[in-house]
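Student: Dropping the sequence and predicted coords here.
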Amino acid sequence: MSTQEYSAVVYLATSGEWAWRILRSSQEVAQGEGYSSWGDARAECQEILNDHDPEAEIVVETPAG
């Protein structure tokens, strides 16, 4: 049922804090930053994403190494 092509990513920002973005067809529609853990960032992202497309996948990008 993901007809709007929503996607989301949680990532470690250059500041050292976790952040997230929600995209619709490659256009950013929401974002958050300043989380101390990826789990907190993912939970907030999921809450916001549920308003757009609860079936969309959230990708967590962890730093290499």
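Tutor: Cool, got the structure.
Student: Tell me if I am right that residue 55 is in a helix.
Tutor: No - counting by DSSP: H, G, I helix; E, B strand; the rest coil, residue 55 falls outside a helix, being coil.
Student: residues near it, how many?
Tutor: Each residue near residue 55 was counted by other C-beta atoms under 10 Å, and the total is 9. Every residue, glycine included, has its C-beta placed from N, CA and C.
Student: Could you pull up phi and psi at it?
Tutor: phi -90, psi -10 (degrees, to the nearest 10).
Student: per-residue pLDDT, it?
Tutor: With respect to pLDDT, residue 55 has a value of 90.
Student: And it, how far from residue 8?
Tutor: 11 Å (C-beta to C-beta, to the nearest Å).
Student: try residue 22
Tutor: For residue 22, the distance to residue 8 - C-beta to C-beta - is 5 Å.
Student: list the residues that contact both of these two?
Tutor: Common neighbours of residue 22 and residue 8 (criterion: C-beta atoms under 8 Å, 6 or more residues apart in numbering): 45, 49.
Student: Which strand or helix spans residue 48?
Tutor: Residue 48 is part of helix 38-52, with elements assigned from DSSP states H and E.
Student: for that helix, packing partners?
Tutor: On a contact count with 3 or more C-beta pairs under 8 Å, 6 or more residues apart in numbering; DSSP states H and E, helix 38-52 meets strand 6-12, strand 18-24, strand 27-35, strand 58-61.
Student: what does that helix contact?
Tutor: Residues from elsewhere that reach helix 38-52 (C-beta under 8 Å, 6+ apart): 4, 6, 8, 10, 12, 18-20, 22, 24, 29-30, 32, 35, 56, 58, 60, 62.
Student: relative to strand 18-24, how tilted is that helix?
Tutor: Computed by axes from the mean of the first three to the mean of the last three C-alpha atoms, to 10 degrees, the angle separating helix 38-52 from strand 18-24 equals 20 degrees.
Student: list the buried ones in helix 38-52?
Tutor: 38, 40, 41, 42, 44, 45, 46, 49 (16 or more other C-beta atoms under 10 Å).
Student: what sits against residue 19?
Tutor: The contact partners of residue 19, taken as C-beta under 8 Å, 6+ apart, are 10, 11, 12, 13, 31, 32, 33, 34, 35, 41.
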